[in-house]
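[1] this one's structure only:
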C-alpha cells in the first residue's frame, strides 16, 4: 500500500491457477476479493477493480510481466509434418489473436486514459496536496500519458510489421499450395501411365497364356480323336459280331413267340367260352337270388303296416347280399301286439333259407298254436328248429346253425310289456332314462353250445310315449378303417347315438343313423345284414 499504486512481483503460477477466490488484496485500505480480480494473457496481467464505484480511488494496470522469471518450456515433441492448410490455419489464428489483442489493448488504454484524466482533474482540484506533491503527480501523469502514446505507436508498428510478415507467409503458402497441386497432378499422371503399362503387361501375359492353353487343348483334342478313331474301329467290329449273334437269337425268339401266340390264341378262345359260361351261370344265379328276394319280401311283414300299430317308429333294413339272413316279425290280436327281430346264422342264400324256416315256425307257434308268452314262444321255437334241422341226429346233426332274436309282447289291456330274448337285447327310453333289457346268453338251435338252459321272461309296466329299440348285431359289427386300424361301429357308439338323439322324432332318428352309418362304412364292404326297429308306444 503506497499512495494508491502498488506492484506485485514473483507471483506463484500455481497460486494464480489454483483458487483465486482465496487471494485478497488491500488497495488504499479497501479489501478486494475474488469477484474483483481478473487475469489475462495467460495470467501475466492482473486487474483489480475497486468495489466502491461512487468514490473511485484508483485502478492501476498491474504489470506482472515475468520476462526474467519465465518458466522453462517443456521439450517439444517430435515435430509433425506440416501441411499448407495447417500453416494457413495457424496464420489465421495468429491474425485473429492479434486483432483480439489489439481490441483489448484499445479498451484498456481508453479506460486508463479516462481514469488518468479523472485523476488529473482531482489533482488540480485537490487542496490537501502541497505544490511539490501536486507537481510530482502531474509529472508522473504526463509520463504515464506519454507511455500510453508510445505503447500505442509501438503496438501499431509491431502489428503492421506482423501483418506484412503474415501476408508474405500467406503468399509463400499459396505458392506452395500451387506447387503441391501441380506436383499432385504430375504424380497422378505418372501413376496412371504406370498403371497403363502394368495393365498392358498383364494383358500380354494373359494373351500368351491363352495361346499356350488353346494350343494345348488343340493337341489334346487331336490325340483324343486319334485314340477314339482307333478304338471305334475295334468296337464297331466287335458290335457287328455281337449284332449278328443277337440277330440269330432274335430269329429263334421270334419263332418261339409265334408258337406261343398260337397257344395264347387257343387259350383265349377257351377263356372266352368259359367266360360266357360263367356269365350265364352268374346271370342265372343272380336271377334266382333276385327272385328269392321277391319271395322273401313277400313273406316279411309290410313296414307301413307294422308302424301303423304304434304312435311313431322306423324300420332300418339292409340285406348284405340281396337276400337277407335277418327278418322282423309283427302280428297283433286286438290290443295285443307281438314284435320281434330275428338274426339267423349266415347271410345271403343260406341266411335266407333260415329266415324262411324261422318265419314259418313263428307263424305256426303264434298264429296257429295261439301261444303269446315270449319265453314259451322261444322255448318251442328252439325245439322246432332242432327238430327241423335234425341237430340231435348223430348222423345228420352237424349243421350248427340257429337264430338270435328279441321278442316283445305289448299288452294294452293289461298295461304290460313282456320281453324274452336269445342272445339279443332291447333298449327302452322311458321319461328320458335309458334301460338295457338283456335276454338269454344262448341262441335258438345250435344244441352243441348248450347244456342246461331255459328262456326267461321279463315284464315291465306299459307307459305311453316309451320308446323300444330292437336290433340285430349287423350294425354294431360293421368294420371300417379308422386311423389306420380296423374297428367295429360297436354297441357303445350305437347306444351313445340313441342317447343323444332319442328326443327327436323316430323318422328323423333313422335319417341321422343312416347318415352316420354311411360315413362310418365309407368305401368298405358291408359286413353283415343289418336290421334296426324303433317304436314309440301309444
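    Cool, the structure landed. These figures come from a predicted structure and were not determined experimentally.
[2] can you count the residues close to residue 350?
    Residues contacting residue 350 under the criterion other CB atoms under 10 Å number 14. Glycine gets a C-beta too; all of them are placed from N, C-alpha and C.
[3] All further residue positions should be reported with the first residue as 29.
    Sure, I'll start numbering at 29, so the last one becomes residue 378.
[4] Now the element after the strand or helix carrying it, going C-ward?
    Per DSSP states H and E, residue 378 falls inside helix 376-390. Sequence-wise, the next helix or strand beyond helix 376-390 is helix 402-416, with elements assigned using DSSP H and E.
[5] and the helix or strand following that next one, how far out from the chain's middle?
    On the C-terminal side of helix 402-416, the nearest following helix or strand under DSSP H and E is strand 430-439. Counting by CA atoms, centre = their mean, to the nearest Å, strand 430-439 is centred 60 Å from the centre of its parent chain.
[6] Sheet partners, orientation included, of strand 430-439?
    Strand pairing for strand 430-439, determined by DSSP bridges: strand 364-372 (antiparallel), strand 444-450 (antiparallel), strand 472-473 (antiparallel).
[7] Just tell me which of those ends up closest to residue 503.
    Closest approach to residue 503 among these is made by strand 364-372 (10.9 Å; CB to CB).
[8] Off-centre distance for that closest one?
    Distance, centroid of strand 364-372 to centroid of chain: 60 Å (CA atoms, centre = their mean).
[9] got it, and stretch 550-561?
    Using CA atoms, centre = their mean, the mean C-alpha position of stretch 550-561 is found 44 Å from that of the whole chain.
[10] Can you give me the buried ones in it?
    The neighbour-count criterion (16 or more other CB atoms under 10 Å) identifies 554-561 as the buried residues of stretch 550-561.
[11] Pick out the most distant pair among the residues you listed.
    555 and 561 (19.6 Å).
[12] Output the contacting helices and strands for the helix holding residue 378.
    Identification of packing neighbours for helix 376-390 by 3 or more CB pairs under 8 Å, 6 or more residues apart in numbering; DSSP states H and E yields helix 159-327, strand 354-361, strand 364-372, helix 402-416, strand 430-439.
[13] quick one: which of those is nearest residue 464?
    Within the helices and strands packed on helix 376-390, the stretch nearest residue 464 is strand 430-439; the backing value is 11.5 Å (CB to CB).
[14] now the angle between helix 376-390 and the closest one, please.
    Orientation check (axes from the mean of the first three to the mean of the last three CA atoms, to 10 degrees): strand 430-439 against helix 376-390 gives 40 degrees.
[15] Can you name the residues that contact the closest residue to residue 360 other than its chain neighbours?
    Of all residues not flanking residue 360 in the chain, residue 337 sits nearest, at 5.8 Å (CB to CB, 6 or more residues apart in numbering). Applying CB atoms under 8 Å, 6 or more residues apart in numbering, one finds that residue 337 lies in contact with 358, 360, 365.
[16] For residue 378, state which of the buried residues of stretch 550-561 is nearest.
    Once CB to CB is applied, the member of those that ends up nearest residue 378 is residue 557, at 11.5 Å.
[17] Least reliable of the helices and strands packed on helix 376-390 by average pLDDT, please.
    Mean pLDDT is lowest for helix 159-327 out of the helices and strands packed on helix 376-390, coming in at a mean of 80.
[18] Show me what that one is packed against.
    Applying 3+ CB pairs under 8 Å, 6+ apart, we find helix 159-327 packed against helix 112-153, helix 376-390.
[19] Same question for the shortest one: list its buried residues.
    The one in question is helix 376-390. Of all the residues in helix 376-390, those buried under the rule 16+ other CB under 10 Å are 376, 379-387, 389-390.
[20] again with stretch 316-324
    Those buried within stretch 316-324 under the rule 16+ other CB under 10 Å are 317, 320-321, 324.
[21] quick one: secondary structure of residue 344?
    Three-state call for residue 344 (DSSP: H, G, I helix; E, B strand; the rest coil): strand.
[22] just to revisit the earlier point, ok, now how distant is the residue nearest to residue 360 from residue 493?
    Here residue 337 is placed at a distance of 15 Å from residue 493 (CB to CB, to the nearest Å).
[23] cool, and residue 302?
    Relative to residue 493, residue 302 is positioned 62 Å away (CB to CB).
[24] Likewise for residue 229?
    Shown here: residue 229 relative to residue 493, a distance of 113 Å by CB to CB.
[25] before we move on, what about residue 180?
    Distance, residue 180 to residue 493, using CB to CB: 134 Å.
[26] Count residues in the vicinity of residue 529, would you?
    Other residues near residue 529 come to 15 when the count uses other CB under 10 Å.
[27] Do I have it right that it meets residue 538?
    No: the pair formed by residue 529 and residue 538 falls short of the contact definition of CB atoms under 8 Å, at 10.1 Å.
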